[in-house]
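[1] quick check, what structure comes out for this input:
(one chain, ligands or ions: 1)
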Amino acid sequence: MSENLWRNNVRKLDPYIPGQAAEEAKQQEKLTEVVRLATNENQLGPSPKAIEAMTKALQEVHFYPDLTSLELRTKLGELHGIDPENYVVANGADNIINLVIASYINPGDEVVYCTPTFSEYHKNTLLMGGVPVELPTTKDHKFDLEAILGAITEKTKIVIVCNPNNPTGTIVGEEELRAFFKRLPKHVVAVLDEAYGEFISVENYATGVEYIKEGLPVITIRTFSKLYGLAGMRVGYAMATEELIQPLQRVREPFACNRVAHAGALGALEDTEHKNKTLTENKREMKKLIKEFRALGYEVEESHTNFLFVDMKQDTSKIAGELAAKGLITRPCAAWGYPTYARISIGTAEQNDKLVKALQEISAKTPHHI
Ligand SMILES: Cc1ncc(COP(=O)(O)O)c(C=O)c1O
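    The predicted structure follows:
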């Protein structure tokens, strides 16, 4: 069918570039086992409690799911101390980003954020006929809040802060962020993407939950894909004041969170032990990887997520190819304009050891220091 029939805004969209799928890499490289460190998944897997709940839910899939995910919204309400009415649960945080932008953006409205960041802001803004206004991050790869404030015009409807940011793993200071929200003009809605928010280990660091309780105009986004290991199930949610969340509730498709995913999320929330184990191992392995990467001559800072943004000082697309041949998938950052950087998800101890060994072998073969 002719592309001319497509809606104009759809023609503006580039296809999403995902981390290479394990299945595809296996086929391409003729490998039996592939370690995927490209998509920031939880390599420990889901909680056994989530698996048990999902297995049980499978018996009931002839019934539609809970229309608005009330049970999960109630549980989240207990967890965060924000009422169940103030949430929207949907098919992953991707779906939530789509709902936020579809709820607020008229053609010509501006959406301001920094890059490099998560690509879905750009895509969904274009889809709605909005104008993405992309500003560089600071020298230390943080969202530049002053620059965002400076870029706001009468046409700006949404500002987005990805905190921690993907792919840089950085966060902005709490006081800076609070002051930023307070300085926003009344016609601007703030979106705080906290897909990795649970990995922040700075003591007493306020998250979107606190800002919402303070009545600030912030829609906070969270997901069960990262910390809770349910990326394949697709559960994400938004929380905000009633006034800000209402349009999302109207746009959301009914049953946007399927029955099995809903059960999995509820099960995951029950399992503090699995959550803590994930956080502890992630921290330990991150420290180890940073040490090994620095020994290889790479530049890398501690991240507030489950991945590292690594300057390998060489073409990372080439390195990613060599790693793939050894059964390790990583994410080169050329598409973000950072050709010497890679985004590497933190795996299990065994996976990380395999990665370091492979990088040492590649490095011994082709010394790269400049
Ligand atoms: C910053 C950020 N926001 C949102 C998402 C989407 O998460 P989900 O798997 O819930 O759709 C991701 C996924 O990688 C992400 O990195």
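[2] neighbours of residue 13, how many?
    13 (other Cβ atoms under 10 Å). (C-beta placed from N, C-alpha, C; glycine too.)
[3] surely it meets residue 126?
    Yes. Applying Cβ atoms under 8 Å, one finds residue 13 in contact with residue 126, separated by 5.9 Å.
[4] joint contacts of these two?
    Here residue 13 and residue 126 share no contacting residue, scored by Cβ atoms under 8 Å, 6 or more residues apart in numbering.
[5] close to the ligand: what parts of the protein are there?
    Residues of the chain found near the ligand (Cβ under 6 Å from any ligand atom) are 40, 92-94, 118, 162, 166, 193, 195, 223, 225, 231, 236.
[6] pull the most distant pair out of the residues you listed.
    Within the residues of the chain next to the ligand, two members stand farthest from each other by Cβ to Cβ: 162 and 231, at 17.5 Å.
[7] out of those two, which sits in the more crowded spot?
    More neighbours surround residue 162 than the other of residue 162 and residue 231, with 27 against 17 (other Cβ under 10 Å).
[8] which of the residues of the chain next to the ligand sits closest to residue 135?
    Closest to residue 135, out of all of these and judged by Cβ to Cβ, is residue 162, at 12.6 Å.
[9] give me the pLDDT for residue 14.
    For residue 14, the model assigns a pLDDT of 83.
[10] now swap in residue 266 and tell me
    So, for residue 266, pLDDT stands at 98.
[11] likewise residue 366?
    75.
[12] residues near it, how many?
    10.
[13] before we move on, what about residue 284?
    Around residue 284 there are 13 residues (other Cβ under 10 Å).
[14] ok, and the most crowded of the residues of the chain next to the ligand?
    residue 193 (29 neighbours).
[15] got the contact list for it?
    Counted by Cβ under 8 Å, 6+ apart, residue 193 has contacts 93, 97, 118, 160, 161, 162, 163, 221.
[16] rerun that using 10 Å as the cut-off
    93, 96-97, 100, 113, 117-118, 120-121, 160-166, 208, 219-223, 238 (Cβ atoms under 10 Å, 6 or more residues apart in numbering).
[17] so it bridges to which residues?
    residue 162, residue 221 (DSSP bridges).
[18] and it, what's its pLDDT?
    Residue 193 is given a pLDDT of 98.
[19] what's the answer for the one 5 residues further on, then?
    The predicted structure scores residue 198 at 98 on the pLDDT scale.
[20] for the residue nearest to it when sequence neighbours are not counted, what are its contacts?
    Once flanking residues are discounted, residue 198 sits nearest to residue 227: 4.3 Å by Cβ to Cβ, 6 or more residues apart in numbering. If you count contacts by Cβ under 10 Å, 6+ apart, residue 227 has them with 42, 195-199, 268, 274-275, 278-279, 282, 305-306.
[21] ok, and the most crowded of those residues?
    Using other Cβ under 10 Å as the neighbour criterion, residue 305 leads the contacts of residue 227 with 28 neighbours.
[22] circling back to that earlier point, now intersect the residues of the chain next to the ligand with the helices, please.
    In this view, those that belong to helices under DSSP state H are 92, 93, 94.
[23] thanks a lot, catch you later.
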